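Participant: no FASTA, just this:
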């Protein structure tokens, strides 16, 4: 009887070991299959910082760029001269303002003090107040304005020096930076012009017309999340945007197309890493706290001074329709993600 029990126990042990081995084989096969899956996370966010200088012009080492650099230097020198003239003019205004306070007002008070001895105590008090007020709000604002222009002048002089160095020592561009372009943009009834002509990253030697050069663009990855970006636009487009923002935005619709390019050092070529393909996204101007997420700077950018450009920022929410955005992590590894969702039939 005991022998029978020992035999049965051995058989049960063998069966159990066999079952565990089969289970491990199946599990291993299943893990191998999972490891091959490269589906991107549905809510993965994307955020790109782009090279603005390179976005305006890729061909830094070609002989044709010598004239372009000379033109940029001339533009910078013109802006520097304009700022120097403004600083000189505003310093004259500041001196005149101080002289007016020091001379005419104080002299008038001294005469009143002499003529009206009975009011001397009151007038002396008033005199002290006016002397203290020589540093008026207008004077303070002028001094701040001059300081701001001097800082801008210093930045422009730095850009001028860099351009002159580049003219003397042109280098071949080997390590290309990330580039971003707004290809098309219409806000409400206002369509911005594609009035910047830049080198096409995907077609060396050819150019393309764009609305703006992108320094930053981001998207949290969800189909209901906004796409937010900044871009550098021309003076003409800046005026269009400013005019639109000074009116009630009755039509908040947005039509948007963009292309963000990444450089692949292996293939020595660019590929689109975040873009709308040949399509346009249909969206709405994002509102945050009751205010539209849209802004245009009054002063031109100093990062790239020629062509003159202005920083524009915009947030865009998807309309109620299903659209696609296109992403890639290399020139061959590409995928699409949904932006927006269709509501109803």
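Facilitator: Done, it's in. These numbers were taken from a predicted model, which means no experiment stands behind them.

Participant: can you pull the pLDDT of residue 138?
Facilitator: The confidence metric pLDDT takes the value 70 at residue 138.

Participant: Contacts made by stretch 330-339 with the rest, please.
Facilitator: The contact list for stretch 330-339 (C-beta atoms under 8 Å, 6 or more residues apart in numbering) reads 38, 40, 42, 219, 221, 223, 227, 264, 267, 269, 271, 281, 318, 322-328. Backbone N, C-alpha and C define where each C-beta goes, glycine included.

Participant: could you flag which of the residues you listed are buried?
Facilitator: With neighbours counted by 16 or more other C-beta atoms under 10 Å, the contacts of stretch 330-339 contain buried members at 219, 221, 227, 271, 281, 318, 323, 325, 326, 327, 328.

Participant: circling back to that earlier point, can you tell me which of the contacts of stretch 330-339 end up in helices?
Facilitator: Residues of the contacts of stretch 330-339 located in helices (DSSP state H): none.

Participant: Ends of stretch 205-218, what's the gap?
Facilitator: 29 Å (C-alpha to C-alpha, to the nearest Å).

Participant: Would you mark the buried spots in that stretch?
Facilitator: 208, 210, 211, 212, 213, 214, 215, 217, 218.

Participant: Out of the residues you listed, show me where the pLDDT dips lowest.
Facilitator: At the low end of pLDDT for these is residue 208, which has 92.

Participant: pretty sure that one is touching residue 184, no?
Facilitator: No. Using C-beta atoms under 8 Å, residue 208 is not in contact with residue 184, being 11.6 Å away.

Participant: Please name the residues that touch the spatially closest residue to residue 195 that is not a sequence neighbour.
Facilitator: Of all residues not flanking residue 195 in the chain, residue 234 sits nearest, at 5.0 Å (C-beta to C-beta, 6 or more residues apart in numbering). Contacts of residue 234 were listed using C-beta under 8 Å, 6+ apart, and they are 193, 195, 196, 307, 308, 309, 310.

Participant: quick one, strands of the stretch 101-250 of the chain?
Facilitator: Counting by DSSP state E, counting those that start in this stretch, the stretch 101-250 of the chain forms strands over residues 179-187, 190-191, 196-199, 207-210, 212-219, 227-233, given from the N-terminal end onward.

Participant: For the second one, which strands pair with it and how are they oriented?
Facilitator: The one in question is strand 190-191. Strand 190-191 has its sheet partners listed here by DSSP bridges as strand 179-187 (antiparallel).

Participant: For the strand it pairs with, give me every contacting residue.
Facilitator: The contact list for strand 179-187, computed with C-beta under 8 Å, 6+ apart, reads 48, 50-51, 54-55, 58, 191-192, 194, 198, 201, 208, 210-215, 217, 229, 231, 241, 244, 249, 252-261, 270, 276, 280, 285, 294, 314.

Participant: Quick one: mean pLDDT over that strand.
Facilitator: For strand 179-187, the mean per-residue pLDDT is 96.

Participant: Does residue 159 touch residue 302 like I think?
Facilitator: Yes. Counting by C-beta under 8 Å, residue 159 touches residue 302, with 6.7 Å between them.

Participant: Tell me which of those two has more neighbours.
Facilitator: Neighbours around residue 159 and residue 302, counted as other C-beta atoms under 10 Å, are more numerous at residue 159. The numbers are 20 against 16.

Participant: contacting residues for the more buried one?
Facilitator: Here residue 159 is in contact with 76, 302, 305 (criterion: C-beta under 8 Å, 6+ apart).

Participant: Make JSON lines out of the residues you listed and add pLDDT, distance to residue 154 and secondary structure.
Facilitator: JSON lines is the format used below for the contacts of residue 159 (pLDDT from 0 to 100; distance: C-beta to C-beta, whole Å; DSSP: H, G, I helix; E, B strand; the rest coil):
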{"residue": "76", "pLDDT": "73", "distance to residue 154": "12", "secondary structure": "helix"}
{"residue": "302", "pLDDT": "86", "distance to residue 154": "10", "secondary structure": "coil"}
{"residue": "305", "pLDDT": "83", "distance to residue 154": "13", "secondary structure": "coil"}
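
Participant: from the contacts of residue 234, which has minimum pLDDT?
Facilitator: Taken together, those show their lowest pLDDT at residue 307, with 88.

Participant: quick one: secondary structure of it?
Facilitator: coil (DSSP: H, G, I helix; E, B strand; the rest coil).

Participant: I'd guessed it sits against residue 56; true?
Facilitator: Yes. In this structure, residue 307 is within contact of residue 56 by C-beta under 8 Å, at 7.4 Å.

Participant: hey, what's in contact with both of these two?
Facilitator: By C-beta under 8 Å, 6+ apart, residue 307 and residue 56 have these common neighbours: residue 196.
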